[in-house]
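**Student:** quick one: sequence plus predicted model below, questions after.
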Amino acid sequence: MLENLVKIEEAEFRYFITIKTLMLNKIGEILNLLNSRIDIISDWKSAFLRTARKGYKQSDLNIGAERVFHNWASALLNFPNSTPIGADLVFDSEEGFRVHIDIKTALDENPADWQGVVNVGKNQTSYTIPGMFNADIPTRYSDGRITLTYIILVIHKHFSDKIDAILLTCVPNRELLGVYGSKISRAGKGGRERRKDFRFKYIVDGDVLRFKLLTGNPPRVEIITALKGSKVVERLLSLSKNKLRINRWH
């Protein structure tokens with residue numbers, strides 16, 4: 001049993017490194033595309049504000065970031081899967097895994113959306129927590145493929161080209177529930193009662209969440225790129241004893 005769990009973690013880590021490397025190879029282009037909306041902000045800002053949900057300040061990168069990462073992924077990752085239940089990006093690997101990558105955006109003024117956590121929905125993870133959260137993605141599909149889940153989180157300033165940080169994190173497969181338990185979660189935006197989402201804690205008890213079963217315990221989260229002088233980045237680095245790794249500054 002433990003051997004099977006280790007193999008899952010090995011795969012999660014291997015694809016974490018692959019996704020990170022592919023992002024770093026294109027990070028300059030990704031940043032430019034994320035900010036392409038600012039050049040035409042006068043054409044869409046008033047309509048965006050007029051149609052926004054009352055009482056809620058929505059990220060103006062929410063939909064655009066998904067487009068940017070679809071573009072990035074289409075040139076790099078083969079075999080997309082058309083399943084209607086899953087993350088923003090779903091790919092099948094030749095090794096027998098189904099890779100889910102969800103794109104999240106958070107405003108720098110809303111630390112509840114990025115300060116050591118990221119919100120995860122039912123359709124974006126296999127990590128069911130009995131009595132707390134019910135995921136809609138299977139740990140293993142009927143075709144034998146094992147679920148691997150990743151979140152790309154873009155933290156930015158509203159209506160601005162200021163991108164504080166882009167993080168990559170890996171949410172454990174549900175078969176690892178006995179390893180991570182419920183400590184890696186707290187109530188999502190919908191609350192515990194609705195069980196539609198949960199906030200995945202990538203920093204737990206003052207430490208960066210790590211692949212617990214792997215030699216050296218590599219981190220399950222890294223900052224792909226960070227803005228020099230950003231207060232958000234300073235806050236992120238202050239959250240844990242073992243600092244989040246920053247791969248690149250911009």
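**Tutor:** Perfect, thanks for sending it.
**Student:** please count neighbours and contacts with C-alpha atoms only from this point.
**Tutor:** Will do.
**Student:** which residues are in contact with the lowest-mean-pLDDT helix or strand in the chain?
**Tutor:** Ranked by mean pLDDT, DSSP states H and E, the helix or strand of the chain with the weakest confidence is strand 185-187, at a mean of 82. For strand 185-187, contacts defined as Cα atoms under 8 Å, 6 or more residues apart in numbering pick out 197-201.
**Student:** spatially central residue for the protein, please.
**Tutor:** Nearest to the mean C-alpha position of the chain, by Cα atoms, centre = their mean, lies Ile151 at 1.6 Å.
**Student:** pretty sure that residue sits against Thr105.
**Tutor:** No. Checked against Cα atoms under 8 Å, the pair Ile151 and Thr105 is beyond contact range at 10.3 Å.
**Student:** how far out from the middle of the chain is the helix or strand where Leu168 lies?
**Tutor:** Counting by DSSP states H and E, the element that carries Leu168 is strand 163-171. Here the centre of strand 163-171 is set off from its chain's centre by 6 Å, with Cα atoms, centre = their mean, to the nearest Å.
**Student:** ok now the next helix or strand after that strand, how far from the chain's centre?
**Tutor:** With elements assigned by DSSP H and E, the helix or strand that comes after strand 163-171 is helix 177-180. In terms of Cα atoms, centre = their mean, the centre of helix 177-180 is found 20 Å from the chain centre.
**Student:** again, but for stretch 30-40
**Tutor:** With Cα atoms, centre = their mean, you get 20 Å for stretch 30-40.
**Student:** give me the contacts around it.
**Tutor:** 61, 64-65, 68-69, 72, 159-161, 163.
**Student:** ok so, going back, partners of the residue nearest to the centre of the chain in the sheet?
**Tutor:** Beta-bridge pairing of Ile151 under DSSP bridges involves Asp102, Thr169.
**Student:** quick one: contacts for it?
**Tutor:** Neighbour list for Ile151: 101-104, 167-171 [criterion: Cα under 8 Å, 6+ apart].
**Student:** in JSON lines: those, plus neighbour count.
**Tutor:** Formatted as JSON lines, those follow (neighbours: other Cα atoms under 10 Å):
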{"residue": "Ile101", "neighbour count": "25"}
{"residue": "Asp102", "neighbour count": "22"}
{"residue": "Ile103", "neighbour count": "21"}
{"residue": "Lys104", "neighbour count": "24"}
{"residue": "Leu167", "neighbour count": "22"}
{"residue": "Leu168", "neighbour count": "22"}
{"residue": "Thr169", "neighbour count": "23"}
{"residue": "Cys170", "neighbour count": "25"}
{"residue": "Val171", "neighbour count": "22"}
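**Student:** chain neighbours aside, what residue packs nearest to Gly116?
**Tutor:** Ile203 (5.0 Å; Cα to Cα, 6 or more residues apart in numbering).
**Student:** distance of that neighbour relative to Val118?
**Tutor:** 10 Å (Cα to Cα, to the nearest Å).
**Student:** in the chain, which segments are predicted with low confidence?
**Tutor:** 55, 190-195 (pLDDT under 70).
**Student:** this structure: strands as residue ranges?
**Tutor:** Counting by DSSP state E, one finds strands in the chain at the ranges 89-92, 97-107, 117-121, 146-156, 163-171, 185-187, 197-201, 203-204, 207-208, 221-226.
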